[in-house]
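Student: heads up, no residue letters with this:
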C-alpha cells in the first residue's frame, strides 16, 4: 500500500469517526431527555433511602417502578418508530439470566420462607439490571458519562460531609443524651429506635454498642454500606485529580477539587473503619497505577505526584489517628474479623450443599443460616459478607454460574474492545474519541436536572417509609454536594474519563463486596453496575455497534417490560395498599400480639379465635424462622399463666422445640425449651435439653451471649414469664437454671 493510499484511508476513517461523533453529540430528543432525568433521579435517590430495609419494608419499590416505567416508555417509542437502536453486550445478558433464575428460586422457595422478603429482593435485583441497561441506552456521549460520574461523586461528597457531621456532632450528642437519662428514659429511647428488649438483653446490648460506636453511616443502615458506596467514586476521583483534569484549568482549581471534593470522602471512609473499603480502595488504586504512569508525561512530574500522594496520605492518616477516629484495633482486629467471616462462609457452604439448585430463596438467608450457624459464631447475619456466596446460597448454582459468566465475559469484553481501540488509534494515528479530552458538553443539562429531581424524590419517599431526611442532612449534605458539583463542572465539560478508570472502580467495588457483602443493597451494588456500564460505554464509544432491532422484537421487549410493570404492581404495590398483605407474616404477628393481649385482659373467646387465626397465618408465611417459633412459644406460655389449658402447654412445647430445631447451635433456644419442658412436668427431656444448652454454651466465646450473662426469656412477649413461679430455682441467670435442671434426671 502506497503512502498516498494510506493517507486517504486514514482520512476516510477520521471522517467516519467525526461523523459518528457528531451524531453522538447532537442534542438528545425531548423524550430521551425526560427519560434521562428520571433515570438519574433514581441514581441519586437510591443512596438517600436505606438499602438494608429493602427486603423487609420494600423501601425502594418506588425506584423500582420508576425504572420499569422508564424502560417501558423507551421501548414504547421504539415500537412507535418501528425500530430500536440498542446496545447489546454479554454482561447485561448474563445478569438478566441471573435475575431470571433468582425469580425462579423465589417462586420455588417462597412456601418455605418469607414470601414478602423474596418478592422485594427479586424486584431489587430487577431494578439493578434495568438501571444497568438504561445507562447503556440513555448515556450516549463521553460528556454525559463524565456528568453522571460528577453527579455521583458530588453525592458521595455530600454523604461524606454528613457522615463527618455525624461523627463529630450528632452521634456524640445522642450518646450523651442516652447516658445521662434514667433507666426509664433509656427504655423509651430504645423503644423509639425499635428495640423493645429490656436492659441487659442481647438486643439492648447491641443497641448500646451501636450507640457507643464512632463509625458514621449517613443515610445507610451500616457503616460498611456507606463505605461500599464511597469506594468506587473515590477511585474515580483519584484518577480525575491526577490524570483526567483539563489541561487548560489552573492548579488552583485542581487544588480546590482536592481539598473540597477528595478530602471529605477520604476522611469519611477512614471514619467508617471498613477494612473491606480500605482494601478495595488500595487495590483499585494499584489497578489504576500503570495507566497513571503512562498518561503522566515526564519522570519528574510523576515523582512529584507520587511524593505528594505519599506525604498527603501520611498526613491524613496521622490527623485521623490523632482525633481518635482510627486506632490500632482497625489493624490488630483484622485477623479476628477475617476469622468471623470464615465462620460465616463455612456455614454458608453447608447451606449451599443442602440446597444446591434453588438455594434458600431471596430474602431467606438469615433464617436458613441460623440452622447451620456455628455455636461459637456471634452474629445472626443477614448475608454471608461475600457477594459470590450470597448469590450462590440464595439463588442456587445456576445463578452462581450466571454470575461467573457475567464477570468472565466482562473481562473478555473489556480486553477485546481495548485491543480494538488500540488498533484503531494506531491505524488512524489518532487517539480514540472517548480516549481523548472531548470538549463537547452536549446533553448534560438533563443529568443535573435529574440530580435535583432525585433529591426531591427522596424526600416524600423517605417520609412515606419512615426514614425522613433530617434538617441536619439537608444543611450539610446538599450544600457540600452542590459545591462539589460546581467544582467538577470544568472536568465535565473538557476533562477526560478513561474506561480503565471505570474498570478500576469496578474492581475496587468487587473487592469490597467480596469481604463486606451486600450485593442486593441497591445503593452499593447499583454503584458497581453503574461504573461498569460507564466503562462499557467508554470502551465501546462511538466505535461501538448499535444493533438495529425491528418492530417485532421491539414489541416483544415492550410486552415483557409491560408484564414486569403489572407484576410489580400486583405483587409489590396492591397487596401492601390493602388491609392485610397476604404475603407478609409481620402483619399477622402484630395481630397475634394484639389479640393475645386482649385475651389476657378480658378472656374473650373471640380474641382467642382471632389469635389462633393469626398464628395459622404466621406459620404459613414464616415457617422457617426460629424467632417466629420462639415468639409463638412465648405467647402460649403467657396464655398458660392466665388459664392452664393442656392445648396451650402442648402448643408452647411444639413451638419452642421447633425453634430449637431451626437454631440448633443456640444455647438459649435449648435452655428455654428445657424450662418449658420442666414447667410441663417432663423432667427427663428437660434435663437432656438443659445438658445440650450447657454444652453449646461452653463453646461460645462471647461473654455477653453466655447463659451466665442472660436470663431465661430475657426478651419476652407480654411480661416476665418466670415471675411469680415458685418452682423456678434460686438465682437469676439462665446458666443456674440449666445447671439445676441438668441434674434432675
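Tutor: Looks like it came in fine. Fair warning: this is a prediction, and the values are worked out from it, not measured in the lab.

Student: tell me the contacts of residue 159?
Tutor: 47, 218-219, 226, 229-230, 268, 477 (C-beta atoms under 8 Å, 6 or more residues apart in numbering). Placement of C-beta: from N, CA and C, glycine included.

Student: try 7 Å this time
Tutor: 47, 218-219, 226, 477 (C-beta atoms under 7 Å, 6 or more residues apart in numbering).

Student: turn the residues you listed into TSV, including pLDDT.
Tutor: Formatted as TSV, the contacts of residue 159 follow (pLDDT from 0 to 100):
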residue	pLDDT
47	94
218	90
219	90
226	94
477	95
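
Student: looking at those, which is nearest residue 502?
Tutor: residue 47 (18.6 Å; C-beta to C-beta).

Student: check contacts around that closest one.
Tutor: 155, 159, 219, 229, 523.

Student: neighbour-wise, which one of those residues leads?
Tutor: residue 229 (33 neighbours; other C-beta atoms under 10 Å).

Student: packing partners for the helix or strand hosting that one?
Tutor: In this assignment (DSSP states H and E), residue 229 forms part of helix 223-239. Counting contacts by 3 or more C-beta pairs under 7 Å, 6 or more residues apart in numbering; DSSP states H and E, helix 223-239 is packed against helix 142-165, helix 263-272, helix 275-295, helix 499-516, helix 522-540.

Student: compare those helices and give me the one nearest residue 214.
Tutor: Closest among those, using C-beta to C-beta: helix 263-272, at 7.1 Å.

Student: pull out the buried positions in the closest one.
Tutor: 264-272 (16 or more other C-beta atoms under 10 Å).

Student: quick one: contacts of that helix?
Tutor: So helix 263-272 is contacted by 156-157, 160-161, 163-164, 167, 215-216, 223, 226-227, 230, 234, 237, 277, 281, 316, 320, 325-326, 480 (C-beta under 7 Å, 6+ apart).

Student: what angle separates the helix holding residue 229 from helix 522-540?
Tutor: Counting by axes from the mean of the first three to the mean of the last three C-alpha atoms, to 10 degrees, helix 223-239 lies at 20 degrees to helix 522-540.

Student: and helix 223-239, how far out from the chain middle?
Tutor: 14 Å (C-alpha atoms, centre = their mean, to the nearest Å).

Student: give me the angle between that helix and helix 142-165.
Tutor: Using the same axes, to 10 degrees: helix 223-239 against helix 142-165 is 130 degrees.

Student: are any of the contacts of helix 263-272 buried, and which?
Tutor: 156-157, 160-161, 163-164, 167, 215-216, 223, 226-227, 230, 234, 237, 277, 281, 320, 325-326, 480.

Student: sorry, back to before: with secondary structure and distance to residue 652 added, can I get the contacts of residue 159 in JSON lines?
Tutor: Converted to JSON lines, those look like this (DSSP: H, G, I helix; E, B strand; the rest coil; distance: C-beta to C-beta, whole Å):
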{"residue": "47", "secondary structure": "helix", "distance to residue 652": "45"}
{"residue": "218", "secondary structure": "coil", "distance to residue 652": "44"}
{"residue": "219", "secondary structure": "coil", "distance to residue 652": "42"}
{"residue": "226", "secondary structure": "helix", "distance to residue 652": "43"}
{"residue": "477", "secondary structure": "helix", "distance to residue 652": "50"}
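
Student: tell me the one among the residues you listed nearest to residue 334.
Tutor: Closest to residue 334, out of all of these and judged by C-beta to C-beta, is residue 226, at 19.2 Å.

Student: the strand or helix carrying residue 601 packs against which elements?
Tutor: Following DSSP H and E, one finds residue 601 within helix 585-602. In terms of contacts (3+ C-beta pairs under 7 Å, 6+ apart), helix 585-602 is packed against helix 605-621, helix 626-642.

Student: tell me which of these sits most buried.
Tutor: Of all those, helix 626-642 has the most neighbours on average by mean count of other C-beta atoms under 10 Å, namely a mean of 23.

Student: which element follows that one toward the C-terminus?
Tutor: Following helix 626-642 in sequence, per DSSP H and E, is helix 646-662.

Student: what residues of that next one count as buried?
Tutor: Buried-residue list, helix 646-662, by 16+ other C-beta under 10 Å: 648-649, 651-653, 655-660, 662.

Student: sorry, back to before: would you turn the contacts of residue 159 into TSV with distance to residue 565?
Tutor: Shown next, in TSV, are those (distance: C-beta to C-beta, whole Å):
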residue	distance to residue 565
47	24
218	32
219	28
226	32
477	32
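
Student: from residue 188, how far off is residue 178?
Tutor: Distance of residue 178 to residue 188, given as C-beta to C-beta, to the nearest Å: 10 Å.

Student: can you pull out the strands in the stretch 251-400 of the chain?
Tutor: Counting by DSSP state E, counting those that start in this stretch, the stretch 251-400 of the chain has no strands at all.

Student: for it, give me the ranges with low pLDDT.
Tutor: 251-252, 254, 291-332 (pLDDT under 70).

Student: please redo it, this time with the cut-off set to 90
Tutor: 251-263, 266-267, 270, 273-275, 278-279, 282-340, 375-380 (pLDDT under 90).

Student: which residues does stretch 446-455 contact?
Tutor: 33, 36-41, 43-45, 144, 147-148, 151, 478.

Student: closest to residue 697 among those residues?
Tutor: Closest approach between those and residue 697, by C-beta to C-beta: residue 45, at 46.2 Å.

Student: helix or strand for the closest one, which one?
Tutor: helix 30-45.

Student: residues contacting residue 487?
Tutor: Residue 487 touches 256-257, 260-261, counting by C-beta under 7 Å, 6+ apart.

Student: how much space separates it from residue 237?
Tutor: 11 Å.

Student: kindly report the same for residue 58.
Tutor: Counting by C-beta to C-beta, the gap from residue 58 to residue 237 is 33 Å.

Student: can you check residue 39 too?
Tutor: Taking C-beta to C-beta, one finds residue 39 at 22 Å from residue 237.

Student: pull the helix or strand with minimum mean pLDDT from this structure.
Tutor: helix 3-25 (a mean of 43; mean pLDDT, DSSP states H and E).

Student: need the buried residues of helix 646-662 in TSV with distance to residue 96 and pLDDT, can you?
Tutor: TSV is the format used below for the buried residues of helix 646-662 (distance: C-beta to C-beta, whole Å; pLDDT from 0 to 100):
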residue	distance to residue 96	pLDDT
648	51	88
649	53	87
651	46	91
652	48	90
653	48	92
655	42	94
656	44	94
657	44	94
658	39	95
659	39	94
660	42	95
662	34	95
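
Student: read off the pLDDT value for residue 409.
Tutor: For residue 409, the model assigns a pLDDT of 92.

Student: for it, give me phi and psi.
Tutor: Backbone geometry at residue 409, expressed as degrees, to the nearest 10, gives phi -70, psi -30.

Student: could you find the closest non-adjacent residue to it?
Tutor: residue 90 (3.7 Å; C-beta to C-beta, 6 or more residues apart in numbering).

Student: quick revisit: using CSV, lay out the buried residues of helix 646-662 together with distance to residue 458.
Tutor: Shown next, in CSV, are the buried residues of helix 646-662 (distance: C-beta to C-beta, whole Å):
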residue, distance to residue 458
648, 48
649, 51
651, 45
652, 45
653, 48
655, 41
656, 43
657, 46
658, 41
659, 39
660, 43
662, 38
